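[1] my questions concern the predicted model and sequence given below.
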Amino acid sequence: MTIMPQTTAPLCAAGLLTRRERASISQQDASSARWVRSKTRRGKRATSHKALGSCGSKTALASIILLLALCAASCKQENPPAAPAAGALPVITTAGGATMVAIPAGSFEMGSSASREKDETPHRVYVNAFYMDQYEVTQEHFEKLLGRNPSRWKEPKNPVEQIRWKDAAEYSNARSRREGLAPAYDPKTWRCDFAAAGYRLPTEAEWEYACRAGARTEYSFGDGPAALGEHAWFKENCTRSPQPVGGRKPNPWGLYDMYGNVWEWCHDFYGDDYYRSSPEKDPSGPPAGETRVLRGGCWNSRASMCRSAYRNDENPGYTDACFGRDVHGFVGFRCVRSQPGK
């Protein structure tokens, strides 16, 4: 009987490997096949000697099977788990009264191969587990902590807007201190300590991972914007201002307003070619830059700008005049924090 090495076809078909990984493993498969053929030929020569009988062939066969089993186990360990399938995730309530969704660790393909945007190069990413605000930070929560409300459209349940990146980082630190957690941001440099237990802005990878909720389509609900109005306040169903948070359907992981309402600041500096060289595990953006990343679109955005993979950026000291002097209230945020021990 000829024993053939295990192929990688199931992994490739499931989309768990990048093109580079598949090419590398294909070369390994070819080498394994040559090694098996060589061992088999030597086994056949050995069987011609009666002193060895069939024992030598069985020993060689057992060695080959053991080696292939070890290789298979190694491949399983090296391939990170994919994003969980759609379904409700645990929700916690913080000491400050905010609800957060427990996002599990996993891997996904970030970016889009279908898009014409040059900064959306598809690439494989793995993120560790984290908590994410179920809703965008509201004006009442922001004002309660920082004593001010910079929003153009005043309404307690609306997302806070007209927010600079530093305002969002400052709020994150204040929220951490209130709950007895170590702040993530250094207020002198605004560098982030990702090992800190406190709140921070999501990395761009964390944001897109949570937004997709396990989906590989343009939106978490499928390809094409036909159902976007059920999930988002955007240009076609909202003509004047942001709306109270949670007014549209959540994504499959229970997160609201990931599309539309207000753009959301991410931690990362923006780089249009960053995807070509970013690390696979927990990327956090270029070390420096002139602008920071915004995601999700807003109430005045076209459907294409609300896609899961769409990237926008703005000066961290942004005021809404950068987007247009006649209408304000485009940019807000939500917070994340790492899950302890994960």
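    Yes, it's here. Numbers count the residues shown, from 1 in each chain.

[2] which stretches of the stretch 201-342 of the chain form helices?
    204-212, 228-231 (DSSP state H, counting those that start in this stretch).

[3] give me the neighbour count for the spatially closest residue to S113 that is not a sequence neighbour.
    Nearest non-adjacent residue to S113, counting by Cβ to Cβ, 6 or more residues apart in numbering: P122, 4.8 Å away. Where C-beta positions appear, they are placed from N, C-alpha and C, glycine not excepted. Neighbourhood size, P122 [other Cβ atoms under 10 Å]: 15.

[4] wait, doesn't P122 sit right on S112?
    Yes - using Cβ atoms under 8 Å, P122 is in contact with S112, at 6.4 Å.

[5] with distance to S301 and mean neighbour count added, can I get the helices of the stretch 201-342 of the chain in CSV?
    Listed next are the helices of the stretch 201-342 of the chain as CSV, based on distance: least, Cβ to Cβ, whole Å; neighbours: other Cβ atoms under 10 Å:
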stretch, distance to S301, mean neighbour count
helix 204-212, 14, 25
helix 228-231, 10, 18
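
[6] these into CSV, with extra columns for mean pLDDT and distance to T94?
    Output for those, formatted as CSV (pLDDT from 0 to 100; distance: least, Cβ to Cβ, whole Å):
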stretch, mean pLDDT, distance to T94
helix 204-212, 98, 17
helix 228-231, 97, 25
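
[7] nearest to M100, out of the ones you listed?
    helix 204-212 (11.0 Å; Cβ to Cβ).

[8] tell me where the longest strand sits in this structure.
    If you go by DSSP state E, the chain has its longest strand at strand 263-269.

[9] where in the protein is pLDDT low?
    By pLDDT under 70, the low-scoring segments of the chain are 1-87, 318-328, 342.

[10] how much space between the residue most central in space within it and N128?
    The chain has Y209 as the residue nearest its centroid, 2.6 Å off, counting by Cα atoms, centre = their mean. Per Cβ to Cβ, to the nearest Å, Y209 is found 10 Å from N128.

[11] secondary structure of H141: a strand, I assume?
    No - counting by DSSP: H, G, I helix; E, B strand; the rest coil, H141 falls outside a strand, being helix.

[12] in contact with it, which residues?
    If you count contacts by Cβ atoms under 8 Å, 6 or more residues apart in numbering, H141 has them with 96-98, 160.

[13] can I get the buried part of those as one ChimeraX selection?
    In ChimeraX, a selection of the buried entries from these looks like this (16 or more other Cβ atoms under 10 Å):
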select :98,160
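
[14] restricted to strands, list the contacts of H141.
    Among the contacts of H141, no member falls in strands (DSSP E).

[15] quick one: which of the contacts of H141 sit in helices?
    Among the contacts of H141, no member is found in helices (DSSP state H).

[16] closest to N251 among the contacts of H141?
    Nearest to N251 among those: A98, at 17.9 Å, using Cβ to Cβ.

[17] wait, isn't the closest one in contact with Y131?
    No - using Cβ under 8 Å, A98 is not in contact with Y131, being 9.8 Å away.

[18] please compute how far stretch 174-185 lies from its chain's middle.
    Offset of stretch 174-185 from its chain centre (Cα atoms, centre = their mean, to the nearest Å): 24 Å.

[19] could you pull out the buried residues of it?
    174-176, 181, 183-185.

[20] counting contacts, what elements does the longest strand of the chain pack onto?
    If you count contacts as 3 or more Cβ pairs under 8 Å, 6 or more residues apart in numbering; DSSP states H and E, strand 263-269 packs onto helix 204-212, strand 292-295, strand 331-332.

[21] out of the ones you listed, which gets nearest to N261?
    The nearest among the helices and strands packed on strand 263-269, by Cβ to Cβ, is strand 331-332 at 7.6 Å.

[22] by contact count, what packs against the closest one?
    So strand 331-332, by 3+ Cβ pairs under 8 Å, 6+ apart, packs with strand 263-269.
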